[in-house]
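In: Here is my input, please return the structure:
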Amino acid sequence: MDKALFYHIADVIQENRSWIEVIDTHDTIQWNYYLDGEFHHIDYQVITLRNYRSRYCWQKPHIWKVNEHDLADGVRRLIERDPTAKTRADTLSLTTRDVEYIIQKATFDILKLELYDFEY
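Out: Reported below is the predicted structural model:
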């Protein structure tokens, strides 16, 4: 995933948050898989999210780590649903609805951000 897009998604979440905030974008997680008799390791950068209000079944504080592989899959699914989103992703002008959809798909429909979309 393009790092500029990764940070843009984190910025949109942080600027429009309603109950979840971004606490870190520099953390990594390691994914290991076994192939042809060898273990292989891949490091993924993650967006670390924390709720600062209790919402639904999530009591505060709860931490989610959303990795860049799942975010890239969410972006791909957004573009399949809305082809004009490719232009918004390329120009780093994703809307709050775009980012909500990406995070929802990246977390397997578990997390709904409910971002505010104020315009200044």
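In: Distance of the most centrally placed residue in the chain relative to Arg81?
Out: Taking CA atoms, centre = their mean, the centroid of the chain lies closest to Ile103, which sits 4.3 Å from it. Counting by CB to CB, to the nearest Å, the separation of Ile103 from Arg81 is 14 Å. Where you see a C-beta, it was placed from the backbone N, CA and C, and this is true even at glycine.
In: Could you do Asp27 as well?
Out: In terms of CB to CB, Asp27 sits 29 Å off from Arg81.
In: before we move on, what about Arg50?
Out: To Arg81, Arg50 is 28 Å away according to CB to CB.
In: More neighbours: those two, which one.
Out: Neighbours were counted for Arg50 and for Arg81 using other CB atoms under 10 Å; Arg50 has more, 14 against 10.
In: quick one on the thing from earlier: pretty sure the residue nearest to the centre of the chain is in a helix, no?
Out: Yes: applying DSSP: H, G, I helix; E, B strand; the rest coil, one finds Ile103 inside a helix.
In: If we ignore the residues flanking it in sequence, what's nearest it?
Out: Ranked by CB to CB, 6 or more residues apart in numbering and with sequence neighbours excluded, the top spatial neighbour of Ile103 is Leu113, at 5.5 Å.
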